[in-house]
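> Can you look at this prediction? I've put the sequence above it.
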Amino acid sequence: MPRFDPAKVRLLCLDVDGVLTDGSVLIDDAGVETKRFFVRDGTAIRMWQRHGGMIAIITGRRGPALRHRADELGIEHLLEGVDRKGEAFDALLEALGVEAVEAAMVGDDLPDLPILERCGYPVAVADAAAEIVEAACHVTTATGGRGAVREVVELLLKAKGEWGPSVDHYRERG
């Protein structure tokens with residue numbers, strides 16, 4: 001299987017801060033961390049799942065805000081507090097029976113590099129670090145936390161010929 005073929009992607013891996021969020025860490029006076037997620041990214045995640053796509057979050061941070069959002073979106077594979085993302089990625093592939101070439105990763109910063117260098121479809125968000133952009137086969141026009149994940153899901157579903165049915169799902173809901 002050639003690398004960089006979006007039609008072959010079965011597993012979509014996402015970083016959180018800088019990909020699902022704009023990279024800001026918001027901590028209130030009580031020390032409670034909150035995150036701001038973009039609703040269109042959530043809609044896209046549900047579209048991906050509806051077409052049988054697997055999704056995983058692999059992040060170095062952890063917290064209840066992320067767990068709430070992952071639960072809300074039905075994301076079963078939440079790997080948080082990960083220090084070595086490459087090792088976590090390899091273990092995930094083995095557990096799911098997925099080849100690296102069948103996985104995409106959306107990243108923004110250096111901790112994502114080990115996955116981007118191994119996966120079949122590496123993606124950088126528009127405002128990613130230079131090393132991440134260099135490792136990517138696709139760079140989104142949207143920045144992290146502002147529709148980058150939505151853009152990637154659209155690209156993947158179009159490559160599979162499933163974008164039209166995804167849109168029709170919403171038309172049919174009236």
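Received it, and whenever you're ready, just let me know what you need. Residues are numbered from 1 along each chain as shown.
> Okay, now the unreliable bits of the protein?
Within the chain, the ranges that satisfy pLDDT under 70 run 1-2, 174.
> For it, which segments count as helices?
Ranges of helices in the chain, per DSSP state H, are 39-50, 64-73, 85-96, 113-116, 130-135, 148-159, 163-172.
> Among those, which comes closest to Val106?
With Cβ to Cβ as the measure, helix 148-159 is the member of these nearest Val106 (5.5 Å). Quick note: C-beta positions are derived from backbone N, CA and C, even for glycine.
> circling back to that earlier point, next, format the helices of the chain as JSON lines and append mean neighbour count and distance to Leu11.
Output for those, formatted as JSON lines (neighbours: other Cβ atoms under 10 Å; distance: least, Cβ to Cβ, whole Å):
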{"stretch": "helix 39-50", "mean neighbour count": "18", "distance to Leu11": "10"}
{"stretch": "helix 64-73", "mean neighbour count": "16", "distance to Leu11": "15"}
{"stretch": "helix 85-96", "mean neighbour count": "16", "distance to Leu11": "6"}
{"stretch": "helix 113-116", "mean neighbour count": "22", "distance to Leu11": "11"}
{"stretch": "helix 130-135", "mean neighbour count": "16", "distance to Leu11": "18"}
{"stretch": "helix 148-159", "mean neighbour count": "22", "distance to Leu11": "11"}
{"stretch": "helix 163-172", "mean neighbour count": "12", "distance to Leu11": "18"}
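> Using CSV, lay out those helices together with distance to Glu102.
Compiled in CSV, the helices of the chain are given as follows (distance: least, Cβ to Cβ, whole Å):
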stretch, distance to Glu102
helix 39-50, 14
helix 64-73, 21
helix 85-96, 8
helix 113-116, 13
helix 130-135, 18
helix 148-159, 11
helix 163-172, 19
